[in-house]
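Asker: following is a predicted model, sequence given first.
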Amino acid sequence: MSSTEELAMSLNILAHHEKNRFIKVDYIKSGWSVSQAFNEYLRVILKLTTLLLVSPNPVVEDETDDRWKWFEVGLSRCVGWYLHSIRVRSIDKPRYRTRKGDIATNVLSVCDRNLNFTCVLPGWEGSTADGRVLRDVVVRRNGNYYLCDGGYTNGNSFLSPYQGYRYWLRDCQGDNSPPRCREKLFNMKHARAHNVIERAFGVLKGRWGILRIPSWYSVKIHIRIISPCCLLHHFIRREMEVNPLDVETEFHMEQNIDTVEPSDEWTT
């Protein structure tokens, strides 16, 4: 089997979540060959981590983007998210059960302003608290910091929103009063910067169907799939000047982000 065939089969599996039996028919290969090629492809992509992983750049003093200019020397957005499309043994389900009762794995992700993932740590059980996962990441102290959501506490190099004050943008929209104290204003600016990682997740899952559909792979294999998907996401963004998926996601995530006003055009 040529490397081109391995690439085509693997991208088909990642993007469309095709089953092994369909791939072996389309490419006239045995199921064992398809499985071996896919696992080898994942190993190769992981070996290219140093080439494909993006290093974060801090926010500069003259930043013009209104979402980020308030966070000078901020690096990226740090958040934990649950990947529900995994299959685990019955005996392991209690460890992977989230507080909402779903079976998932807790993935720590750090995303920069350009929708690139600068750090991805998959593999933790869904029952694990975000703070415990964060302690598993070694962070070099460089004078910069990361923005975190309410699931984390303030600490060296990590900046989370004020606790006990409204945070979500919808709380500042419509009939709700605008922020009238510094804590609420800070949380609103923090929430606007949060949208970048929501968009990144939207693009990532929109591109790779294997991340949004319940998987038939073992949890070990599925966790190994997450990082290559992020690395390929970087490669596509680097090589494609205009990506329709990015534009579509940005349109849906950023419309009416400051205020919500009646619109006859949208009503029509």
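Answerer: Nice, I can see it. Numbering: from 1, shown residues only.
Asker: burial check on G209, number of neighbours?
Answerer: Neighbours of G209 under the rule other Cβ atoms under 10 Å: 15. C-beta: built from backbone N, CA, C; applies to glycine.
Asker: so how far is A200 from the residue nearest to L159 when sequence neighbours are not counted?
Answerer: Nearest residue to L159 in three dimensions, chain neighbours excluded: Y145, at 5.2 Å (Cβ to Cβ, 6 or more residues apart in numbering). Distance of Y145 to A200, given as Cβ to Cβ, to the nearest Å: 19 Å.
Asker: these two: who's more crowded?
Answerer: A200 (26 against 22).
Asker: picking that back up, the residue nearest to L159 and V59, how far apart?
Answerer: 10 Å.
Asker: who touches both of those two?
Answerer: Residues touching both Y145 and V59 by Cβ atoms under 8 Å, 6 or more residues apart in numbering: V73, G74, L75.
Asker: closest to N39 among those?
Answerer: When the shared contacts of Y145 and V59 are ranked by distance to N39 (Cβ to Cβ), L75 comes first, at 33.4 Å.
Asker: what about the closest one, which SS state?
Answerer: strand (DSSP: H, G, I helix; E, B strand; the rest coil).
Asker: isn't it right next to D112, touching?
Answerer: Yes. Contact criterion Cβ atoms under 8 Å: L75 and D112 qualify, at 7.4 Å.
Asker: tell me which of these two has more neighbours.
Answerer: A direct count of neighbours by other Cβ under 10 Å for L75 and D112 places L75 higher, at 23 against 20.
Asker: which residues does the more buried one contact?
Answerer: P56, N57, P58, V59, V110, D112, T118, N144, Y145, Y146.
Asker: leaving out sequence neighbours, find the closest residue to P122.
Answerer: I226 (4.2 Å).
Asker: neighbours of that neighbour, how many?
Answerer: By the measure other Cβ under 10 Å, the count of residues near I226 is 23.
Asker: where does the prediction get shaky in the stretch 1-150 of the chain?
Answerer: Within the stretch 1-150 of the chain, the set of residues satisfying pLDDT under 70 comprises 85, 137-143.
Asker: where do the helices of it begin and end?
Answerer: Assigned by DSSP state H, counting those that start in this stretch, the stretch 1-150 of the chain shows helices spanning 3-16, 20-26, 31-47, 49-52, 93-96, 130-135.
Asker: tell me which of those helices lies nearest to E183.
Answerer: helix 130-135 (21.4 Å).
Asker: any buried residues in the closest one, and which?
Answerer: D130, V133, L134 (16 or more other Cβ atoms under 10 Å).
Asker: isn't the second one up against T105?
Answerer: Translated: V133. No. If you go by Cβ under 8 Å, V133 and T105 don't touch, sitting 10.4 Å apart.
Asker: what residues do those two have in common as contacts?
Answerer: Joint contacts of V133 and T105 (Cβ under 8 Å, 6+ apart) are W124.
Asker: now do the contacts for G131.
Answerer: G151, Y152, T153.
Asker: where's the residue found closest to the second one once you drop the neighbours it is linked to in the chain relative to P179, distance?
Answerer: Residue nearest to Y152 in three dimensions, not counting chain neighbours: S160, with 5.0 Å by Cβ to Cβ, 6+ apart. S160 is 17 Å from P179, where distance means Cβ to Cβ.
Asker: same check, this time on S127
Answerer: Counting by Cβ to Cβ, the gap from S127 to P179 is 35 Å.
Asker: likewise W32?
Answerer: Applying Cβ to Cβ to W32 and P179 gives a distance of 60 Å.
Asker: so if I had to pick from the two, which one is more boxed in?
Answerer: Counted by other Cβ under 10 Å, W32 and P179 do not tie: P179 has more neighbours, with 17 against 10.
Asker: the residue nearest to the more buried one when sequence neighbours are not counted: neighbour count?
Answerer: The shortest distance from P179 to any non-neighbouring residue, by Cβ to Cβ, 6+ apart, is to L185 (4.1 Å). Residues near L185, counting by other Cβ under 10 Å, number 16.
Asker: please identify the helix or strand for L185.
Answerer: Secondary structure from DSSP states H and E places L185 in helix 182-207.
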